[in-house]
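Student: after the sequence you'll find the predicted model.
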Amino acid sequence: MLAFNQDLYDLLKYLHIVAAVVWVGSGLFVQYYASRLRRAQDPARLGAFAKDIEAAGKQVFAPASITVLVMGLLMVWYSDALGFSETWILIGIAGFIATFITGNFFLGPTAGKIGAASRRRGAGIGERAGADPPDPGGLPDRPGRPAAGDPGDGVQTRRVEPRTQRRRAPSIRGR
């Protein structure tokens, strides 16, 4: 075993924590965004999102989770104070195995199937003659009105129309 170096241990811990933040933070963002898309009920956007999640699983989630595992294992191996028999380390390894299996054998392939089905079903969307392409941002077409297909967030909005005739306030001086 190498002689213990606190700077090396701190580097391993830093990389472990940064990778965990990326992994967990990305997962939370995906859940947040997926819930918004589900409420919007837009199959084209949901299909594109599923395709993006499939790619993110390979490019973000898998590398981040493997980095968490490798840096954690290296910290335990490198430090005399830590051991593989400690409960929280065994829970972490079991958690990694569970999320690895779930992500690689269920969530990733399912997202890929949803994206592929959406591409097959939505191949003709917006391609009719004279049809406007779908708005990718889902922004309202006019202020005060929700976007098409947007169920809203429960907040009632009202469109304010400009007045055509302004009433004058009564004059106090004219009395």
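Tutor: Arrived safely. Numbering: from 1, shown residues only.

Student: could you pull out the strands in the protein for me?
Tutor: Applying DSSP state E to the chain gives no strands.

Student: pLDDT weak spots in it?
Tutor: 1-2, 122-171, 173-175 (pLDDT under 70).

Student: residues contacting the residue nearest to residue 13 when sequence neighbours are not counted?
Tutor: Closest residue to residue 13 apart from its sequence neighbours, by Cβ to Cβ, 6 or more residues apart in numbering: residue 75 at 6.1 Å. Quick note: C-beta positions are derived from backbone N, CA and C, even for glycine. Contact analysis of residue 75 by Cβ atoms under 8 Å, 6 or more residues apart in numbering lists 9, 12-13, 16, 82.

Student: phi and psi next, for residue 81.
Tutor: phi -80, psi -20 (degrees, to the nearest 10).

Student: gap between the residue nearest to residue 13 and residue 68?
Tutor: Noted for residue 75: a distance of 11 Å to residue 68, by Cβ to Cβ, to the nearest Å.

Student: any shared contact partners between these two?
Tutor: In contact with both residue 75 and residue 68: residue 16, using Cβ under 8 Å, 6+ apart.
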